[in-house]
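K.L.:
with the input below, show me the fold.
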Amino acid sequence: MKKLLITKVILLMNIKKQIKAIVFMWLCLLCTICYGQESNNNKKLWAKSFLNKKAPKLKVEKWLSSVPDTKGKFVLIDFWATWCGPCRKVIPELNEWYKKYGDKLAIIGISDEEATVIQNVRDIQINYYSAIDTNGKLQNELEVQGIPHCILLDPEGIVRWEGYPTLKDHELTEIVLTNIIKKYSK
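P.N.:
Residues are numbered from 1 along each chain as shown. This next block holds a predicted model:
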């Protein structure tokens, strides 16, 4: 009888631990799913913040690729240049995301360099949409002071992430990207 009571107490304790573990895991999952850039949290920006605001209209001087269909899609705009090491470092990851999420995400690289400069660089392979804006119209509207600078728009054109994509503790990672897509998809 005493053994049976002890066994029940142990089982009950294990169940309580399991319930606590499950609740903890759900809380972690919820935090991960809800995590997106809702505020800049004192993040250093080299541009004016448009977070949770309507982005300026996408304007480019010339498309170096086909023109993307952005209707109903998330749009990731990357301001970059061929001479910028951190910009070049981000390109392979953007290529991967374009391949993986292309049905719901349009990725656009915009440079303020001449088309010939970009087209003559042989060691850069961009598989996503590419454009130039030598006058920097959109870049100036966003007051971009440093590159790379990315903005991620939801399908309604609202900026959901912005900043330097590899800034320590504020990186634009695939987890951040997928969480924002999940959260703001209709």
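K.L.:
so where do the strands sit in this structure?
P.N.:
Here the chain has its strands, by DSSP state E, at 62-63, 74-80, 105-111, 129-132, 149-153, 159-163.
K.L.:
let's have those strands in a markdown table, adding mean pLDDT, distance to residue 143 and mean neighbour count.
P.N.:
Using the backbone N, CA and C atoms, a C-beta is placed for each residue, glycine as well. Shown next, in a markdown table, are those (pLDDT from 0 to 100; distance: least, CB to CB, whole Å; neighbours: other CB atoms under 10 Å):
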| stretch | mean pLDDT | distance to residue 143 | mean neighbour count |
| --- | --- | --- | --- |
| strand 62-63 | 98 | 23 | 12 |
| strand 74-80 | 98 | 11 | 24 |
| strand 105-111 | 98 | 15 | 24 |
| strand 129-132 | 98 | 19 | 22 |
| strand 149-153 | 97 | 10 | 24 |
| strand 159-163 | 95 | 11 | 23 |
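K.L.:
in a markdown table, list the ones you listed along with distance to residue 54.
P.N.:
Below are the strands of the chain laid out as a markdown table (distance: least, CB to CB, whole Å):
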| stretch | distance to residue 54 |
| --- | --- |
| strand 62-63 | 23 |
| strand 74-80 | 12 |
| strand 105-111 | 17 |
| strand 129-132 | 20 |
| strand 149-153 | 9 |
| strand 159-163 | 8 |
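K.L.:
out of these, which gets nearest to residue 51?
P.N.:
strand 159-163 (5.4 Å; CB to CB).
K.L.:
by how many degrees do the closest one and strand 74-80 diverge?
P.N.:
Counting by axes from the mean of the first three to the mean of the last three CA atoms, to 10 degrees, strand 159-163 lies at 20 degrees to strand 74-80.
K.L.:
does anything pack onto strand 159-163? Which helices or strands?
P.N.:
The elements that strand 159-163 packs onto, with contact taken as 3 or more CB pairs under 8 Å, 6 or more residues apart in numbering; DSSP states H and E, are strand 149-153, helix 174-184.
K.L.:
pull up the distance across stretch 145-161, start to finish.
P.N.:
Distance between the two ends of stretch 145-161: 17 Å, counting by CA to CA, to the nearest Å.
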